[in-house]
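> Test case, fold it:
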Amino acid sequence: MSGLAELRNDLRNEVRYGLRFLVRESTVGERRIRSLLANERLAPEELRPITDQLLFDTLKAATRQIPRYRSIRVDFTAANAREVLAERFPIIGRAELVGGEGEFFPKAGSTYPWTAVGRTSGTSGTPLKVYRSLDSVLWENAFIERQFRWAGYQPGMPRAYLRGDTVVPINKSEPPYWFYNRYNNQLVLSSRHLREPCVEALIAELARFKPFMIQAYPSTAYELALLLEKRNASLRIPCIFTASEPTYPHQRQLIEERLGGRVMEYYGMAERVAYASECERGNLHVNTDYSHVEIVDDDGQPTSGDGYIVGTTFHNTVMPLVRYRVSDRTRWRNESCSCGRTYPLVEPITGKFEDTLYGARGQRISPSVVTFIFKSLDGIERSQVAQIGESEWEIRVVPAAGYGQSQRNRLVQNVRELVDPDLNVTVREVDDIARTSAHKYRWIVNEYRRRS
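Next up, the predicted model:
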């Protein structure tokens with residue numbers, strides 16, 4: 001990379017992160033964060049009128065902005081908005097939005113120049129775009145920043161970022177493989193360079209920078225932890241915020257061991273219809289001032305058991321999504337949290353329904369159970385468990401030193417002993433495991449796409 005090209009790249013990053021800071025990190029943003037911090041310990045009966053009003057405002061906006069809802073009468077108040085939501089607004093999903101510009105998008109899918117466009121990564125096979133208001137962008141940042149405060153972070157503390165940002169060209173062969181965002185005191189690292197021999201420089205820079213926290217995909221944080229383990233090295237980063245993928249138990253254990261801090265997960269999506277934050281006690285709280293969340297069964301009925309997440313956004317009046325069902329599943333926990341926050345609790349999110357694994361008799365297999373098949377096995381740099389048939393799994397392995405036939409045999413045996421004795425399991429050694437366009441690494445994938 002020539003000096004001129006590197007200068008141009010740095011200037012692009014300066015403009016990009018500078019504008020982002022101006023939009024998101026204003027005094028207005030700090031006021032939003034403080035208002036959210038004031039909400040989190042309100043008694044449910046005190047928070048209810050606030051969220052009822054937010055829901056009412058969203059439903060009014062939907063009847064103005066979205067053609068499908070224009071015929072719905074707004075002859076109700078905030079006090080009965082929840083009942084009206086269930087009675088007059090059907091559950092919708094991705095299938096209704098894809099190609100549904102005429103019914104579910106404002107202005108038949110056209111936008112103003114200042115409208116923000118969000119896009120899903122398309123890991124379920126169908127990418128999707130949604131429109132966002134500037135106000136919703138500011139609120140999104142406020143919810144994220146509030147969780148940072150739960151961990152003790154304060155503005156100005158050093159922070160690192162290891163997600164999908166392309167801050168240097170992928171083919172860059174000499175450090176730096178990062179960009180220093182001086183506006184947020186943030187070290188933005190290139191996840192594309194988490195490979196030999198580039199990783200030595202990345203680890204050294206993280207050690208020098210000493211961030212209080214790091215934001216990462218679970219897969220990129222885990223990959224960094226694996227590379228540290230390979231070197232018998234560790235870092236000291238007090239808090240690791242993970243999002244955009246499920247964080248599996250085996251990943252969390254190694255990340256905390258090698259990065260030296262606590263993993264705090266947060267759950268959201270491009271459609272922004274649900275948001276949940278893991279607190280310092282390790283519990284996942286649904287942010288009820290972010291959206292109205294329901295958990296429904298396969299027939300769309302409320303359930304106290306395992307079900308789909310259905311959300312109605314509160315802060316995006318440009319394109320309000322009402323009772324939008326995502327592919328992720330969870331269940332309510334009927335208990336309170338010792339952290340003192342009154343937001344309801346849910347079980348860990350299981351990830352995309354399309355990527356659920358099934359046993360030989362059609363039963364769903366928990367990802368946590370799948371992690372046990374790799375315990376006590378050496379010589380595996382990276383792996384992926386794929387369902388390729390009705391009762392057929394393929395385990396893809398990127399071998400490392402020490403991998404051999406005994407590890408291959410043990411993987412198959414572990415599946416039969418710990419998961420399902422009737423599964424047809426094959427192990428295939430590969431040079432690498434492909435990532436998504438957003439540079440996410442999918443540890444579990446259902447390529448058969450069974451529908452139950």
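
> if I look at the spatially most central residue of the chain, how far off is Ser291?
Nearest to the geometric centre of the chain sits Ser244, at 1.9 Å (CA atoms, centre = their mean). Remark: distance between Ser244 and Ser291 (CB to CB, to the nearest Å) = 18 Å. C-betas here are computed from N, CA, C, even on glycine.

> Now do the phi/psi pair for the residue sitting furthest away from the middle of the chain.
Going by CA atoms, centre = their mean, the residue of the chain most distant from its centre is Asp75, 36.9 Å out. Note on Asp75: backbone dihedrals following degrees, to the nearest 10 are phi -110, psi 40.

> So it versus His285, what's the distance?
Distance from Asp75 to His285, by CB to CB: 34 Å.

> What is the longest strand along the chain packed up against?
Counting residues, the longest strand found in the chain (DSSP state E) is strand 380-389. If contacts are counted by 3 or more CB pairs under 8 Å, 6 or more residues apart in numbering; DSSP states H and E, strand 380-389 sits against helix 218-230, strand 357-358, strand 392-399, strand 444-446.

> Is it possible to get CSV of the ones you listed that adds mean neighbour count?
Output for the helices and strands packed on strand 380-389, formatted as CSV (neighbours: other CB atoms under 10 Å):
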stretch, mean neighbour count
helix 218-230, 22
strand 357-358, 21
strand 392-399, 19
strand 444-446, 20
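
> Using JSON lines, please lay out those together with distance to Ile237 and mean pLDDT.
Formatted as JSON lines, those follow (distance: least, CB to CB, whole Å; pLDDT from 0 to 100):
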{"stretch": "helix 218-230", "distance to Ile237": "10", "mean pLDDT": "89"}
{"stretch": "strand 357-358", "distance to Ile237": "32", "mean pLDDT": "82"}
{"stretch": "strand 392-399", "distance to Ile237": "25", "mean pLDDT": "92"}
{"stretch": "strand 444-446", "distance to Ile237": "26", "mean pLDDT": "84"}
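
> need the ones you listed in a markdown table with distance to Leu202, can you?
Formatted as a markdown table, those follow (distance: least, CB to CB, whole Å):
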| stretch | distance to Leu202 |
| --- | --- |
| helix 218-230 | 8 |
| strand 357-358 | 32 |
| strand 392-399 | 19 |
| strand 444-446 | 26 |
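
> List just the one of those that sits closest to Ile380.
Checking the helices and strands packed on strand 380-389 against Ile380 by CB to CB gives strand 392-399 as the closest, at 5.5 Å.

> hmm, back to that, tell me which element the residue nearest to the centre of the chain is part of?
If you go by DSSP states H and E, Ser244 is not part of any helix or strand.

> do Gly18 as well
Per DSSP H and E: helix 3-24 holds Gly18.

> what does the following helix or strand past that helix rub up against?
Counting by DSSP H and E, the next helix or strand C-terminal to helix 3-24 is helix 27-39. When contacts are defined by CB atoms under 8 Å, 6 or more residues apart in numbering, helix 27-39 is touched by residues Leu47, Ile50, Leu138, Trp139, Asn141, Ala142, Phe143, Glu145, Arg146, Arg149, Pro155, Asp289.

> and those, which are buried?
Among the contacts of helix 27-39, those scoring as buried are Leu47, Ile50, Leu138, Trp139, Asn141, Ala142, Phe143, Glu145, Arg146, Asp289 (criterion: 16 or more other CB atoms under 10 Å).

> Tell me, how many residues neighbour the closest residue to the first one other than its chain neighbours?
Spatially, and ignoring its direct neighbours in sequence, Leu47 is nearest to Asn39 (6.2 Å; CB to CB, 6 or more residues apart in numbering). Around Asn39 sit 18 other residues, with neighbours defined as other CB atoms under 10 Å.

> Would you mind stating the distance between Asn39 and Met213?
Distance from Asn39 to Met213, counting by CB to CB: 23 Å.

> what's near enough to touch Lys210?
Pro158, Arg236.

> And the pLDDT at it?
With respect to pLDDT, Lys210 scores 97.

> And for Asp422?
Reading off the model, Asp422 has pLDDT 87.

> What backbone torsions are found at the closest residue to it other than its chain neighbours?
Nearest residue to Asp422, sequence neighbours excluded (CB to CB, 6+ apart): Ala360, at 3.7 Å. Phi and psi for Ala360, reported as degrees, to the nearest 10, are phi -70, psi -20.

> Could you report the distance from Ala360 to Val445?
In terms of CB to CB, Ala360 sits 18 Å off from Val445.

> what's the answer for Gly311, then?
Relative to Val445, and taking CB to CB, Gly311 is found at 24 Å.

> what do you get for Val385?
Between Val385 and Val445 the computed distance is 8 Å (CB to CB).

> just Ala270 next, same as before
Taking CB to CB, one finds Ala270 at 19 Å from Val445.

> And Thr111, by the same measure?
In this structure, Thr111 lies at 33 Å from Val445, with CB to CB as the measure.

> Hmm, the residue nearest to the centre of the chain is touching Tyr217, no?
Yes. Contact between Ser244 and Tyr217 holds when scored by CB atoms under 8 Å: they sit 5.5 Å apart.

> Quick check: chain neighbours aside, which residue is closest to Thr426?
Thr426 sits nearest to Glu394 (CB to CB, 6+ apart), 5.2 Å away.

> what's across from that neighbour in the sheet?
Beta-bridge partners for Glu394, by DSSP bridges, are Ala386, Thr426.

> do the same with Gly307
Beta-bridge partners, per DSSP bridges, of Gly307: Thr330.

> Can you report how many residues lie near it?
21.

> Just the pLDDT at it, thanks.
pLDDT for Gly307: 93.

> How about the contacts made by it?
Ile295, Val296, Asp297, Asp298, Arg329, Thr330, Arg331.
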